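Engineer: With the sequence up front, the predicted model follows.
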Amino acid sequence: MTGTHPSAAFSRELIAGLALYGVKDFVLCPGSRSGPLAHALAAAASPGRPANAPEIELHVRIDERSAAFLALGIARARAAAGEPAPVAIVTTSGTAVGNLLPAVMEAHHEGVPLLLLTADRPGELKGVGANQTTDQVGIFDEFVRWSTESAAPTEREGNGRAARLAARAVDAALGRCDEHDSLPCVGPVHLNLDFRAPLQDDGGEWPIVTKEPPARAKRRSGGLMEAIKGGPATLPDRKRGIVIAGDGAGDDARRLAEVHRWPLLAEPTSGARTGDCCIPGYVDFLRTERGRTVAGETSIVVVVGRPTLTREVQELIGKAKDLRVAGHGARWKEAPRHAQKVMARVPEEWFSREPGTAQHDDEWLGYWREASAPQVEQWGADAVAAEVAASLGEGDVCVVGSSGPIRALDRVAPAWEPGKAPTVIANRGLAGIDGTISTAMGAALASDRPATAFMGDVTFLHDVGGLLVGPRERRPDLRIVVVNDGGGTIFGRLEHAGADPSVVERVFTTPHGVQLGPIAAAYGAAHTVVTDAAALRQALVSPPSGVEIVEVPLGATAEGA
């Protein structure tokens with residue numbers, strides 16, 4: 001690195017290495033200590049990028065928390081499109097790093113590949129009271145797949161260290177370099193990068209980086225790559241089975257249900273709410289006496305993905321006499337303990353039936369089809385969800401808030417035709433409401449087409465800073481449908497609703513009284529208020545241009561509108 005600033009040269013090589021190994025999206029938050037990375041990213045993202053500089057997409061955001069969820073949304077949409085790749089987030093030191101934690105926790109539990117590139121002071125400035133310096137090493141603890149500290153570059157070292165670091169980081173984020181688990185596990189990775197002044201750009205040349213096979217940790221033997229518990233034998237000949245498709249299940253759940261002619265109970269984010277075995281009205285059915293009786297006759301339950309939305313489904317799983325689990329994602333360790341088999345993915349053997357097995361029980365599937373037409377009230381949250389679902393088609397992307405809206409969508413969304421369903425995304429790793437706007441922004445940017453978000457007012461206000469897109473940044477086409485019922489009304493359906501109404505309102509519902517119109521105007525977003533199904537339907541007809549907010553007042557909010 002002779003003749004150049006070591007920090008600048010290291011940053012160019014790191015960015016070039018990450019791009020070489022498939023990282024194309026970088027989310028940058030401004031800061032001085034991360035300046036070497038910022039200069040390198042600005043050069044690579046410029047129209048006249050220097051020779052050997054990689055072609056990347058740069059997204060700049062001022063708030064680290066929103067930026068991390070933006071990266072999460074980009075990564076989720078890339079994976080949903082069949083192009084999984086890590087997304088990098090660059091921050092300066094200090095509290096900037098801590099603000100990444102909520103999105104990192106979600107990425108850990110959901111299995112989303114993020115690269116956390118956090119700048120830090122060099123060793124001589126740590127532990128001596130230097131400004132904006134804290135202990136960043138290990139700050140994300142078990143929420144990252146791998147973390148390491150990179151010592152500040154020096155003039156005496158040669159090229160290659162940054163590129164090797166890039167290769168290892170991408171490998172770990174994609175679950176290919178896990179020293180602790182026998183099962184590959186995609187997730188976030190933390191690189192804490194020490195930089196010593198000078199931190200500015202030096203105008204140096206970009207290196208030519210070549211790909212080398214990264215050093216990977218040896219895995220323990222035992223066949224756990226395919227089976228966590230039990231082998232991949234064919235499913236037993238049971239007429240009265242159920243397939244439950246949770247978050248991230250994919251089309252395997254539909255195929256499995258149709259092979260065995262079992263009812264398919266598919267959450268909206270499963271990617272499996274399709275086909276003639278899908279029972280879209282299963283939630284309300286399970287809450288009836290008839291539904292509970294039918295469910296009690298189930299002889300085998302196969303869970304694909306990770307279901308999280310309804311207690312009735314959890315009870316069905318908990319009471320299963322014969323339970324098989326596959327594709328539980330990043331939380332495979334937390335699969336129900338009474339499962340006879342827990343598989344990393346759905347084995348091919350499950351898609352076949354042994355010769356000589358009994359005929360399908362069409363009566364069994366018919367029982368469940370009694371619930372195929374969800375009941376929607378005249379006007380309310382379910383009706384709004386039904387209109388949103390009706391507006392979605394093949395290739396559309398919809399990000400849904402993880403509180404009331406995703407449950408409303410689960411109750412009323414139809415069974416789409418196989419291959420023509422929209423992509424529905426929700427942060428179900430920890431099911432938090434934070435960062436939903438930013439996640440939707442990222443998903444819209446990654447899909448590169450108009451997108452929809454559907455959320456409640458508290459979720460919207462929780463991440464209102466995610467609406468901030470600078471004038472030099474690419475602005476997505478995103479329509480945000482906000483059900484504004486004046487607070488967290490989901491608690492009215494939980495056990496807390498039986499408490500004193502004034503207590504429930506103050507510490508659970510938390511009415512806010514905020515006007516969304518002025519907020520939209522402040523961030524340069526269009527704003528429309530609709531008060532009935534016909535108006536909402538009209539607002540959803542044409543694709544959005546820029547960021548649009550469609551507010552749907554309900555309950556006390558509607559009365560005061």
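Structural biologist: Received it, and whenever you're ready, just let me know what you need.
Engineer: just for the stretch 451-561 of the chain, where's the confidence low?
Structural biologist: Residues of the stretch 451-561 of the chain that meet the criterion pLDDT under 70 lie in 487-509, 556-561.
Engineer: those helices in it, which residues are they?
Structural biologist: 457-462, 501-504, 516-522, 533-539, 555-559 (DSSP state H, counting those that start in this stretch).
Engineer: Those helices into CSV, with extra columns for distance to Ala8 and mean neighbour count?
Structural biologist: (C-beta placed from N, C-alpha, C; glycine too.) Output for the helices of the stretch 451-561 of the chain, formatted as CSV (distance: least, C-beta to C-beta, whole Å; neighbours: other C-beta atoms under 10 Å):
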stretch, distance to Ala8, mean neighbour count
helix 457-462, 38, 23
helix 501-504, 57, 12
helix 516-522, 37, 15
helix 533-539, 49, 15
helix 555-559, 53, 15
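Engineer: now the ones you listed as JSON lines including distance to Asn99?
Structural biologist: What follows is the helices of the stretch 451-561 of the chain, written out as JSON lines (distance: least, C-beta to C-beta, whole Å):
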{"stretch": "helix 457-462", "distance to Asn99": "14"}
{"stretch": "helix 501-504", "distance to Asn99": "31"}
{"stretch": "helix 516-522", "distance to Asn99": "21"}
{"stretch": "helix 533-539", "distance to Asn99": "34"}
{"stretch": "helix 555-559", "distance to Asn99": "31"}
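Engineer: looking at those helices, which is closest to Leu365?
Structural biologist: Set against Leu365 and scored by C-beta to C-beta, those come closest in helix 533-539, at 31.8 Å.
Engineer: List of residues touching the closest one?
Structural biologist: With contact meaning C-beta atoms under 8 Å, 6 or more residues apart in numbering, helix 533-539 is reached by Trp379, Ala383, Val384, Glu387, Ala390, Ser391, Val481, Thr528, Val530, Val550, Val552.
Engineer: follow-up on the earlier one: of all the helices of the stretch 451-561 of the chain, which one is nearest Pro198?
Structural biologist: Of those, the one closest to Pro198 (C-beta to C-beta) turns out to be helix 516-522, at 38.2 Å.
Engineer: For the closest one, name the packing helices and strands.
Structural biologist: strand 526-529, strand 547-553 (3 or more C-beta pairs under 8 Å, 6 or more residues apart in numbering; DSSP states H and E).
Engineer: related to what we said a few turns ago, filter the contacts of helix 533-539 down to the buried ones.
Structural biologist: Taking 16 or more other C-beta atoms under 10 Å as the criterion, what is buried in the contacts of helix 533-539 is Ala383, Val384, Glu387, Ser391, Val481, Thr528, Val530, Val550, Val552.
Engineer: Need those residues in a markdown table (columns: distance to Ala103).
Structural biologist: Conversion of these to a markdown table gives the following (distance: C-beta to C-beta, whole Å):
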| residue | distance to Ala103 |
| --- | --- |
| Ala383 | 32 |
| Val384 | 27 |
| Glu387 | 30 |
| Ser391 | 28 |
| Val481 | 23 |
| Thr528 | 29 |
| Val530 | 31 |
| Val550 | 26 |
| Val552 | 27 |
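Engineer: In the residues you listed, find the pair that's most separated.
Structural biologist: It's Ala383 and Thr528 that sit farthest apart of those, by C-beta to C-beta, at 17.3 Å.
Engineer: any idea how far Leu116 is from Pro347?
Structural biologist: 34 Å (C-beta to C-beta, to the nearest Å).
Engineer: So for the two, which sits in the more crowded spot?
Structural biologist: Neighbours per residue (other C-beta atoms under 10 Å) separate Leu116 from Pro347, with Leu116 holding more: 28 against 18.
Engineer: What's opposite the more buried one in the beta bridge?
Structural biologist: Note on Leu116: beta-bridge partners by DSSP bridges are Ile89, His190.
Engineer: Can you point out the buried residues in stretch 5-17?
Structural biologist: For stretch 5-17, by 16+ other C-beta under 10 Å, it's 5-17.
Engineer: what's the most distant pair in those?
Structural biologist: That would be His5 and Gly17, which, of the buried residues of stretch 5-17, are the farthest apart (C-beta to C-beta) at 18.2 Å.
Engineer: His59 sits in which helix or strand?
Structural biologist: Assigned by DSSP states H and E, His59 belongs to strand 57-60.
Engineer: what's the helix or strand following that strand packed up against?
Structural biologist: Per DSSP H and E, strand 57-60 leads on to helix 64-80 as the next helix or strand towards the C-terminus. Packed against helix 64-80 by the contact rule (3+ C-beta pairs under 8 Å, 6+ apart) you find strand 25-28, strand 57-60, strand 87-91, helix 101-110, strand 114-120, strand 397-400, strand 423-425, helix 436-447.
Engineer: just the angle between helix 64-80 and helix 101-110, please?
Structural biologist: 20 degrees (axes from the mean of the first three to the mean of the last three C-alpha atoms, to 10 degrees).
Engineer: tell me the angle of helix 64-80 relative to strand 114-120?
Structural biologist: Using the same axes, to 10 degrees: helix 64-80 against strand 114-120 is 150 degrees.
Engineer: Helix 64-80 to strand 87-91, inter-axis angle?
Structural biologist: Counting by the same axes, to 10 degrees, helix 64-80 lies at 170 degrees to strand 87-91.
Engineer: mind checking how far helix 64-80 is from the chain centre?
Structural biologist: Counting by C-alpha atoms, centre = their mean, to the nearest Å, helix 64-80 is centred 7 Å from the centre of its parent chain.
Engineer: Just give me the closest of the buried ones among the contacts of helix 533-539 to Asp135.
Structural biologist: Closest to Asp135, out of all of these and judged by C-beta to C-beta, is Val481, at 42.3 Å.
Engineer: my guess is the closest one meets Asp457, correct?
Structural biologist: No - taking contacts as C-beta atoms under 8 Å, Val481 lies outside contact range of Asp457: 11.2 Å.
Engineer: how about low-confidence regions in the stretch 101-250 of the chain?
Structural biologist: Looking at the stretch 101-250 of the chain by pLDDT under 70, you get 177-184, 213-228, 232.
Engineer: Could you pull out the helices in it for me?
Structural biologist: Shown for the stretch 101-250 of the chain, the helices assigned by DSSP H, counting those that start in this stretch span residues 101-110, 161-173.
Engineer: which stretches of the stretch 251-400 of the chain form strands?
Structural biologist: Along the stretch 251-400 of the chain, the stretches classed as strands by DSSP state E, counting those that start in this stretch are 264-266, 300-304, 323-326, 341-343, 397-400.
Engineer: partners of the longest one in the sheet?
Structural biologist: So the one you mean is strand 300-304. strand 241-245 (parallel), strand 323-326 (parallel).
Engineer: which residues touch it?
Structural biologist: Applying C-beta under 8 Å, 6+ apart, the contact partners of strand 300-304 are 235-236, 238, 240-246, 249-250, 252-253, 256, 262, 270, 272, 316-317, 320-328, 335-336, 339, 346, 350.
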